[in-house]
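# Quick one, what's the 3D model for this:
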Amino acid sequence: MTHRPFALTPRDAVITLFGAFVRALGNWIAIADMVMLLGELGVDEQSARSAIARLKRGGLLVSEKHAGHAGYTASRQLLDVLAEGDVRIFQSQLAADLDDGWVLVVFTVPETERDRRHLLRVRLAALGCGPLAPGVWMAPRRVSADVRRVLERLDLAKYASLFAGDYEGFTDLRSLAARTWNLAALSRNYAAFAKRQQQRVLERWQRADDGPRAAFIDYTTLIEQWRLVAYEDPGLPDEVTSYATPRRAAREVFSTAVERLSPAARAHVESTMGPRRVRVSRDTGRGQ
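Have a look, this model is predicted:
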């Protein structure tokens with residue numbers, strides 16, 4: 001069977017490679033090995049090298065040499081981004097507790113800083129916040145620390161106020177959630193993900209082991225497709241959602257697929273890196 005990777009952009013492919021594998025394997029990879037692995041994900045060499053160069057210029061990758069081999073590590077900035085991504089990918093779909101309450105961020109960013117205002121909206125949406133009104137966004141309370149970090153990193157805290165507490169009315173909370181987030185789309189996306197991965201991954205890998213290279217392609221594709229769904233989900237309590245059942249089913253499919261594919265996928269990356277792999281533990285929390 002031919003294994004075709006999901007069409008990742010070169011930039012996303014590099015970041016996913018570091019997040020899913022390189023970070024846990026010493027946080028360094030030779031350029032030649034990275035280009036080879038990216039090629040297996042459908043990224044040609046020229047596009048791969050261009051994406052790597054742009055990520056380096058942006059401060060997300062740092063060039064280092066080991067044993068005469070040129071390569072890259074994830075910068076502290078990228079490691080922080082990947083750590084936040086772990087929460088969104090592996091935890092945000094766990095429903096928040098309704099009794100924990102909500103966080104509200106109120107901001108008025110001047111027109112002279114509209115670019116950063118737009119970036120703030122993008123970052124808030126990525127955390128699962130939804131707009132109640134212009135300049136008023138809400139989310140389950142558990143993301144309040146993340147919201148604070150975003151405001152501080154963008155240097156916009158001076159234009160914002162944070163509140164945390166219970167919802168007191170007057171609109172029914174389910175109706176309010178439906179008006180603030182696109183719950184119907186989330187339900188459809190979770191159902192589509194579960195159906196697609198059940199057929200594409202679970203049924204095929206239950207019948208036979210197609211080998212480490214195929215596992216690497218399928219695992220990376222799985223993570224990227226799950227990320228697209230996960231980053232849309234604010235992790236709302238089950239009591240206020242219309243997508244609790246499809247979310248639960250999709251998460252079960254995802255967890256089973258990760259368990260089935262990740263050992264062979266990691267083995268393929270380790271084999272590709274071979275003797276060039278850096279075996280010292282770095283400040284990643286996951287290195288060897």
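
# And Ala264, its phi and psi?
In this entry, Ala264 is assigned phi and psi values of phi -70, psi -40 (degrees, to the nearest 10).

# And it, how far from Asp218?
Distance, Ala264 to Asp218, by CB to CB, to the nearest Å: 9 Å. Backbone N, C-alpha and C define where each C-beta goes, glycine included.

# Between the two, which has more neighbouring residues?
Asp218 (24 against 19; other CB atoms under 10 Å).

# these two touch, right, the more buried one and Gln197?
No - using CB atoms under 8 Å, Asp218 is not in contact with Gln197; the gap is 9.3 Å.

# Give the next helix or strand downstream of the helix or strand containing Ser175.
Element membership of Ser175, judged by DSSP states H and E, is helix 173-180. Counting by DSSP H and E, the next helix or strand C-terminal to helix 173-180 is helix 183-197.

# Packing partners of that following helix?
The contact analysis (3 or more CB pairs under 8 Å, 6 or more residues apart in numbering; DSSP states H and E) places helix 183-197 against helix 212-230, helix 244-273.

# Out of the ones you listed, which one sits most buried?
By mean neighbour count, with neighbours taken as mean count of other CB atoms under 10 Å, helix 212-230 ranks first of those at a mean of 22.

# Report the mean confidence score over that helix.
When pLDDT is averaged along helix 212-230, the result is 90.

# What angle do helix 244-273 and that helix make with each other?
If you take axes from the mean of the first three to the mean of the last three CA atoms, to 10 degrees, helix 212-230 sits at 140 degrees to helix 244-273.

# can you pull out the strands in the protein?
29-30, 61-66, 69-74, 102-107, 130-133, 136-140, 160-165 (DSSP state E).

# Relative to the last one, what are the paired strands and their orientations?
It stands for strand 160-165. Partners of strand 160-165 in the sheet, by DSSP bridges, are strand 102-107 (antiparallel).

# for the third one, same thing?
Strand pairing for strand 69-74, determined by DSSP bridges: strand 29-30 (antiparallel), strand 61-66 (antiparallel).

# Could I get the average pLDDT for that strand?
The average pLDDT for strand 69-74 rounds to 93.

# Please compute how far that strand lies from its chain's middle.
Its chain's C-alpha centre and that of strand 69-74 lie 22 Å apart, by CA atoms, centre = their mean, to the nearest Å.

# Show me what counts as buried in that strand.
His69, Gly71, Tyr72, Thr73, Ala74 (16 or more other CB atoms under 10 Å).

# Contacts for that strand next, please.
Defining contact as CB atoms under 8 Å, 6 or more residues apart in numbering, one finds that strand 69-74 is touched by 18, 22-23, 27-34, 52, 56, 60-65, 82, 276, 282, 284.
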